[in-house]
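In: give the three-dimensional model of this entry:
(one chain, ligands or ions: 1)
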Amino acid sequence: MIKEILLSLSRNAKITQVSRILLPIIIVHGGAGDWKDERIPIGMEYVSKAAKVGFTTLMNGGSVLDAAEDCTLFMENCGELNAGKGARPNEDGILELDAMIIDGNNLDFGSVAAVSGVQNPISLARYIMEKTDYKFFAGPNAKRIYDEMIAKGYRRAEHGSIREQSNSRTADTVGCIVVDSLGRIAATSSTGGISKKKPGRIGDSPIMGSGAYANSQCAASATGYGEHIMRVVLSRMVTLYIEEGINPMSAARKGIDMFEKKTGSEAGIIAVDAVGNFGYATNAKAMPVAIIQGEMKNITIIDCLEK
Ligand code: ASP
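Out: Next up, the predicted model:
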């Protein structure tokens, strides 16, 4: 599997290019950061598997929200990425998770932050969006909404014991964007946050416009230092560039350049427009990205390493 991935590995990720126009599309990232060399192929393996999971949901008649949730849930469950089961613990060794799901066409979202005892915050975020009068729950009371979600049968309880502690060796946050053949868009983000964060710390990932953004025209999902991503509202900025006529690859690059100039920090971003042009950029060491466009066999997997 890893061999297959490495064969399709492109090291030109930082070079601007205009993609083909083709729908449906799913683009997935496994986090931008200081990846250990030996973990990069693992990150690439899991983003490609996640993209296949989401694309399969779409091919089986699922909505963009179904596909985005399934893709993200796979990454939360795989234990190899900084989300769900594999999330990085806080300073006290406890997992406190942040996640968001966005329905671009309805300009709607659900978010959850600093929640413990929940392995799949992405499903909880979707429940918040679809079944409550609110958009965002945080902290211990978010778990009460999770219990309500399970009691109502919206999702089944997670399999096995929920990890509240972890010795995660994993790298970064996960996120995806899905556009179906009618141009409907959904985006996600899910994370355990930055290393050794203080209990209660919340990053950009559940913040609409910062960790991700989607509307009926385009979407973006970000990763990197949340404290700095929030300062420039990175995902909304990149989508605004796309709305102004810049192609998603150049918009992603422009967003990362702007971010670096204003904050001196590191981040990564993926972006797509409603007709299937996509982009990605990072100024961190690496960011595993997988894209499936049109049909399952059109898969591209990139590590975004500097050439
Ligand atoms: N953006 C995430 C946060 O600050 C971390 C990451 O993407 O690695 O919580």
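In: find the nearest non-adjacent residue to the residue of the stretch 1-150 of the chain found nearest the ligand, please.
Out: Nearest to the ligand in the stretch 1-150 of the chain, going by CB to the nearest ligand atom, is Gly31, at a distance of 4.9 Å. For every residue, glycine as well, the C-beta is placed using N, CA and C. When the adjacent residues along the chain are set aside, Gly31 lies closest to Asp172, with 1.8 Å between them (CB to CB, 6 or more residues apart in numbering).
In: could you report the neighbour count for that neighbour?
Out: 27 (other CB atoms under 10 Å).
In: residues in contact with it?
Out: Asp172 sits next to Gly30, Gly31, Ala32, Gly33, Trp35, Leu81, Asn82, Thr191, Thr223, Gly224, Met287 when contact means CB atoms under 8 Å, 6 or more residues apart in numbering.
In: let's go with 6 Å and repeat that
Out: With contact set as CB atoms under 6 Å, 6 or more residues apart in numbering, Asp172 has these partners: Gly31, Gly33, Asn82, Thr223.
In: nearest spatial neighbour of the second one, skipping sequence neighbours?
Out: Looking back up the chat, that one is Gly33. Using CB to CB, 6+ apart and skipping the chain neighbours, the partner closest in space to Gly33 is Asp172 (4.4 Å).
In: ok, the one you found to the ligand distance?
Out: 4 Å (CB to the nearest ligand atom, to the nearest Å).
In: same check, this time on Val179
Out: Per CB to the nearest ligand atom, Val179 is found 22 Å from the ligand.
In: look up which residues are beta-bridged to that residue.
Out: Ile25, Ile185 (DSSP bridges).
In: residues contacting it?
Out: Val179 is in contact with Leu23, Pro24, Ile25, Ile185, Val272, counting by CB under 6 Å, 6+ apart.
In: pLDDT wise, what is the fourth one at?
Out: What it means is Ile185. Model confidence at Ile185, given as pLDDT, is 98.
In: helix/strand/coil for the residue nearest to Gly31?
Out: coil (DSSP: H, G, I helix; E, B strand; the rest coil).
In: you'd agree Pro199 is in a helix?
Out: No - the assignment for Pro199, made by three-state DSSP, is coil rather than a helix.
In: looking at the chain, which helix or strand is least sure?
Out: Counting by mean pLDDT, DSSP states H and E, the chain has its least confident helix or strand at helix 2-7, which shows a mean of 35.
In: which residues of this structure score low on pLDDT?
Out: 1-21, 159-171, 307 (pLDDT under 70).
In: near the ligand, which residues of the chain?
Out: Residues of the chain lying close to the ligand by CB under 6 Å from any ligand atom are 31, 33, 172-173, 191, 193-194, 203-205, 223-226.
In: in strands, which of those residues fall?
Out: Thr191, Thr223, Gly224 (DSSP state E).
In: so what's the first one closest to, chain neighbours aside?
Out: It stands for Thr191. Thr173 (3.7 Å).
In: give me every residue that touches the one you found.
Out: Counting by CB under 6 Å, 6+ apart, Thr173 touches Gly31, Asn82, Thr191, Ser205, Thr223.
In: most surrounded residue in those?
Out: Most neighbours among those, by other CB under 10 Å: Thr223, with 33 neighbours.
In: can you name the residues bridging to that one?
Out: Going by DSSP bridges, Thr223 forms beta bridges with Gly268.
In: just the closest of the ones in strands among the residues of the chain next to the ligand to the ligand, please.
Out: The ligand lies nearest to Thr223 out of those, by CB to the nearest ligand atom, at 3.5 Å.
In: roughly how far apart are the closest one and Ala114?
Out: Distance, Thr223 to Ala114, by CB to CB, to the nearest Å: 18 Å.
In: hang on, the earlier thing: most neighbours among the contacts of Val179, which one is it?
Out: Going by other CB under 10 Å, Val272 tops the contacts of Val179 with 33 neighbours.
In: extract the C-alpha trace of the host helix or strand of it and format it as CSV.
Out: Using DSSP states H and E, Val272 maps to strand 267-273. Extracted in CSV, the C-alpha atoms of strand 267-273 (Å, rounded to 0.1, in the frame of the first residue of the first chain):
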residue,chain,number,x,y,z
ALA,A,267,0.2,26.4,8.7
GLY,A,268,-1.2,24.5,5.8
ILE,A,269,-4.5,24.7,3.8
ILE,A,270,-6.5,22.8,1.3
ALA,A,271,-9.1,24.5,-0.9
VAL,A,272,-11.7,23.7,-3.6
ASP,A,273,-14.2,25.6,-5.7
